[in-house]
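Chemist: Structure here, sequence nowhere to be found:
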């Protein structure tokens, strides 16, 4: 049986949910972004699980559309942040491959529930990843563009400026000016 959880965005979230599931002595098969795969959970334990998840900012979901939205978000986050190999696929192909629905349905449900398109959500996630990579200062802007599937640095820069209001180089300067040397802490 699958139970869907809202607001899981990283591996730390998975570990936090796993700790709760173990604490409640729930037999499970796997825990991934946005879902627990387990034996059916009795109502009392399900209520305890829900309360403990809510206490740390997660939400156990029972609405099918909300479950689908969280699965879509989890897949997009994996696509953008965790697995550069997925960039070989278009987002529509990737989502259609991972979910048992056609992309048009997935896109329509996402837009209806979230009030934005999948494409805009992907752009937001990509820009967050660009910010992270700029702050790490390990890759050139060209390497970042290549890693995230942008056709050029100019396209990445234009999209970055539309979303943040800053150019990537200005963002980098601002971030560097906020850093304090260790001897000034």
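Modeler: Yep, it's here. The structure displayed is predicted, hence computed values, not measured ones. Numbers count the residues shown, from 1 in each chain.

Chemist: Could you find the residue nearest the spatial middle of the protein?
Modeler: Geometric centre of the chain, nearest residue: residue 77, 2.9 Å, by Cα atoms, centre = their mean.

Chemist: Wait, that one touches residue 8, no?
Modeler: No. In this structure, residue 77 is not within contact of residue 8 by Cβ atoms under 8 Å, at 9.0 Å. For the C-beta atoms, the positions are set from N, CA and C on the backbone; glycine is no exception.

Chemist: Overlap of the contact sets of those two?
Modeler: Residues touching both residue 77 and residue 8 (Cβ atoms under 8 Å, 6 or more residues apart in numbering) are residue 33.

Chemist: Quick one, grab the pLDDT at residue 77.
Modeler: Looking at residue 77, its pLDDT stands at 91.

Chemist: swap that for residue 30, please
Modeler: The confidence metric pLDDT takes the value 95 at residue 30.

Chemist: could you say which helix or strand contains it?
Modeler: With elements taken from DSSP states H and E, the one containing residue 30 is strand 28-32.

Chemist: Direction included, what does that strand pair up with?
Modeler: Neighbouring strands of strand 28-32 in its sheet, by DSSP bridges, are strand 35-38 (antiparallel).

Chemist: got the buried residues for the strand it pairs with?
Modeler: For strand 35-38, the buried set under the neighbour-count rule, 16 or more other Cβ atoms under 10 Å, comprises 35-36, 38.

Chemist: Could I get the full set of strands for this protein?
Modeler: If you assign secondary structure with DSSP state E, the strands in the chain sit at 2-6, 28-32, 35-38, 59-61.

Chemist: Select, out of those strands, the one closest to residue 83.
Modeler: When those are compared for distance to residue 83 using Cβ to Cβ, the nearest one is strand 28-32, at 12.9 Å.
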